[in-house]
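In: sequence and predicted structure, then a few things I'm wondering about:
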Amino acid sequence: MRVCLASTSPARLMLLRQAGIEPLTLSPQTDEDAVAAAAAAERGADLPPAELVLLLAHAKAADVARRLAADDPDFDGIVIGGDSMFELDGRVYGKPYTPEEATRRWHKMRGATGILHSGHSVFRVSPGAPLREATAVAEASVTFADDVSDEEIAAYVASGEPLHVAGAFTVDSLGGAFITRVDGDPSTVVGMSLSTIRRLVGELGVTWTDLWS
């Protein structure tokens, strides 16, 4: 049973490898901003974070699943797509991208608790069969230490790590020392919930252990 990760995220790839799965990786050709804007225009308002991460996870996984089915007709396996956003005090945060924004966020997050929303989309791709999908959202709360100094924040931002991750933090690398509590599946905070992926794979008739390399 083959596995394709519809992402080039090192954290998601590491999670699957640690779980015994060595996936093919394909980058989705998805304009996330356009997808979110179209959904907001249709509804007349921004989507709640849980709905938005699920929408984007679906868009990315569907793009890769369709391309795989067309370009590799013999592909028999699953495609996994995900998307994450961090919510703090009712505001949703994606990747900060700039040191200035990452610094502002860490000053807000210090001593606070936020929610990491992670959308999951899993497609079953079989030769000659229609695509089938299972989706779910996983959430985990993250509490940050209240004694993180300005100097520590500056050093962490200077490392570059928080610039390209949802919420401007990691739990499995340099940022982990500044986090005091995680409630929920810890892998959700890393990039995707392995327990959620296992459940979705099962809904599609696939046994998780059959995915082990």
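Out: Thanks, I have the structure now. Numbering: from 1, shown residues only.

In: which residues are in contact with Val122?
Out: Val122 sits next to 61, 78-81, 133-135, 197, 200-201, 204 when contact means C-beta atoms under 8 Å, 6 or more residues apart in numbering. Quick note: C-beta positions are derived from backbone N, CA and C, even for glycine.

In: got a list of what Tyr156 touches?
Out: By C-beta under 8 Å, 6+ apart, Tyr156 lies in contact with 106, 162, 174-175, 178.

In: give me the buried subset of these.
Out: The neighbour count (16 or more other C-beta atoms under 10 Å) marks 106, 162, 175, 178 as buried among the contacts of Tyr156.

In: can you read off the pLDDT for Ala45?
Out: For Ala45, the model assigns a pLDDT of 89.

In: can you tell me the helix or strand for Glu133?
Out: strand 132-144 (DSSP states H and E).

In: neighbouring strands - and their directions - for that strand?
Out: Applying DSSP bridges, strand 132-144 is found paired with strand 113-125 (antiparallel), strand 179-183 (antiparallel).

In: nearest spatial neighbour of the residue of the chain most remote from its centre, chain-adjacent residues omitted?
Out: Seen from the C-alpha centroid of the chain, the residue lying at the greatest distance (C-alpha atoms, centre = their mean) is Gly128, 29.6 Å away. The spatially closest residue to Gly128, leaving aside those adjacent along the chain, is Pro73, at 8.0 Å (C-beta to C-beta, 6 or more residues apart in numbering).

In: what about the one you found, neighbour count?
Out: As a burial measure, Pro73 scores 11 neighbours (other C-beta atoms under 10 Å).

In: now swap in the one 5 residues further on and tell me
Out: Close neighbours of Ile78, defined as other C-beta under 10 Å, add up to 28.

In: now do Ser187
Out: Neighbours around Ser187, by other C-beta under 10 Å: 23.

In: between the helix or strand harbouring Lys108 and strand 132-144, how big is the angle?
Out: For Lys108, the host element (DSSP H and E) is helix 99-109. Relative orientation of helix 99-109 versus strand 132-144 (axes from the mean of the first three to the mean of the last three C-alpha atoms, to 10 degrees): 70 degrees.

In: for Trp163, phi and psi?
Out: If you look again at residue 163, you'll see it is Leu, not Trp. With angles defined as degrees, to the nearest 10, Leu163 sits at phi -70, psi -30.

In: contacting residues for the residue nearest to Ala158 when sequence neighbours are not counted?
Out: Spatial nearest neighbour of Ala158, excluding adjacent residues (C-beta to C-beta, 6+ apart): Pro99 at 7.3 Å. Listed by C-beta under 8 Å, 6+ apart, the contact set of Pro99 reads 157-158, 163.

In: if you rank every helix and strand of this protein by mean pLDDT, what lands last?
Out: Between all helices and strands in the chain, the lowest mean by mean pLDDT, DSSP states H and E belongs to strand 91-93, at a mean of 90.

In: contact partners of it?
Out: When contacts are defined by C-beta under 8 Å, 6+ apart, strand 91-93 is touched by residues 49, 52, 85-87, 105, 117, 166-168.

In: can we see that at 6 Å?
Out: Outside strand 91-93, the residues that touch it by C-beta atoms under 6 Å, 6 or more residues apart in numbering are 49, 85-86, 167.

In: for stretch 49-68, same thing?
Out: With C-beta under 6 Å, 6+ apart as the test, stretch 49-68 has contacts from 6, 26, 28-30, 32, 35, 39, 75, 79, 81-83, 85, 87, 92, 117, 119-121, 123, 125, 131, 135, 137.
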